[in-house]
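Visitor: Fold the stuff below for me.
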Amino acid sequence: MHFILPMKDIIGQALLDFQNNNYTEDITTYSSLDEEDVIPLPYLFRTFEEMPKIEQRALELCKGKVLDIGCGAGGHSLYLQAKELDCTALDISHGAISVCTSRGVQKTVQNNILNFSGTKFDTLLLLMNGIGIAGALEQLGVYLKHFESLLLPDGQILLDSSNIIYMFDQDEDGGYWIPDNGRYYGEVEFQMAYKNSFGERFKWLYVDFETLTRVCTVNGFDCELVMQGEHYDYLAKLALKS
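Guide: Numbers count the residues shown, from 1 in each chain. Okay, the predicted model is just below:
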């Protein structure tokens, strides 16, 4: 079963509110890891200088025609556009695409990435754990095969993700207590809430670098560790094997 984003456009509505100076609260997230968290809306409108070093490095590595997958409020696309790169911002959220357009992003597409085809790119960009859209480890290969169809010769995929092993209890010998439920531990179920409205539950994938590398190898990609972040996160560059 493919990953499906929430039908209620929680993020889109929140982005629109912030863009229209109607910012009164942030997005609350609930996860299967029994954690409640907050997505601060101002952070989704951050400038290049305010971005984590991993994001800055990814943007510096972008080349040629770029597809910004899961573009959100369009900050990455706006930066690349200012660098005179041919960038297209793609998101399944109607609200996100409306915000991108109003902020000056010139090329936008509202679509599920698995339904998008017909154009090829030098760089596929998936930041803020964008590869999480796969939802489950068993679906990661499906997405990689589709990404292959979107790449020009010598194209690249730039993505960041995290190893969330740190969220599990650790015993005295350094091992981790991971539930034996038959699923990869990086598969998390989320629900978002905003202004008394709850989105539908959806699956998200956090994949450690070693596991990503194995899946890439099976699907004909080389996987390079570009840099590691400050807290179990990393930036990877994928390219088709020659």
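Visitor: Name the next helix or strand downstream of the helix or strand containing residue 66, please.
Guide: Element membership of residue 66 [criterion: DSSP states H and E] is strand 65-69. Toward the C-terminus, strand 65-69 is succeeded by helix 75-82 as the next helix or strand (DSSP H and E).
Visitor: Kindly calculate the angle that that following helix makes with strand 65-69.
Guide: Calculated by axes from the mean of the first three to the mean of the last three CA atoms, to 10 degrees, helix 75-82 forms an angle of 170 degrees with strand 65-69.
Visitor: Packing partners of helix 75-82?
Guide: helix 53-61, strand 65-69, strand 86-91 (3 or more CB pairs under 8 Å, 6 or more residues apart in numbering; DSSP states H and E). Every residue, glycine included, has its C-beta placed from N, CA and C.
Visitor: 10 Å instead?
Guide: Judged by 3 or more CB pairs under 10 Å, 6 or more residues apart in numbering; DSSP states H and E, helix 75-82 is in contact with helix 53-61, strand 65-69, strand 86-91, helix 94-103, strand 121-126.
Visitor: And the ones you listed: which comes nearest residue 234?
Guide: Minimum separation from residue 234 across these (CB to CB) falls at helix 53-61, 7.4 Å.
Visitor: what about the closest one, average pLDDT?
Guide: On average, the pLDDT along helix 53-61 is 98.
Visitor: And stretch 87-105, what's buried?
Guide: 87-93, 95-100, 103, 105 (16 or more other CB atoms under 10 Å).
Visitor: Distance from that stretch to the middle of the chain?
Guide: When distances are taken as CA atoms, centre = their mean, to the nearest Å, stretch 87-105 is centred 15 Å away from the chain's centroid.
Visitor: Quick one: end-to-end distance for it.
Guide: 9 Å (CA to CA, to the nearest Å).
Visitor: now swap in stretch 27-36 and tell me
Guide: 11 Å.
Visitor: buried set for that stretch?
Guide: Buried, per 16+ other CB under 10 Å, within stretch 27-36: 27, 28, 29, 30.
Visitor: Now do the same contact list for the first one.
Guide: When you say that, I think you mean residue 27. Counting by CB atoms under 10 Å, 6 or more residues apart in numbering, residue 27 touches 10-11, 13-15, 37-41, 44, 192-195, 199.
Visitor: pLDDT score for it?
Guide: 97.
Visitor: Now do it against residue 15, distance only.
Guide: As judged by CB to CB, to the nearest Å, residue 27 and residue 15 stand 10 Å apart.
Visitor: what touches both of the two?
Guide: 41, 44.
Visitor: Buried among the contacts of residue 27? Make that a PyMOL selection.
Guide: Of the contacts of residue 27, the buried ones can be selected in PyMOL as follows, counting by 16+ other CB under 10 Å:
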select buried, resi 10+11+13+14+15+39+41+44+192+193+194+199
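Visitor: for the chain, which residue is closest to the average position?
Guide: residue 130 (1.2 Å; CA atoms, centre = their mean).
Visitor: Spatially nearest residue to that one (excluding sequence neighbours)?
Guide: Leaving aside its chain neighbours, residue 130 sits nearest to residue 70 (4.6 Å; criterion: CB to CB, 6 or more residues apart in numbering).
Visitor: now residue 192, what's its secondary structure?
Guide: strand (DSSP: H, G, I helix; E, B strand; the rest coil).
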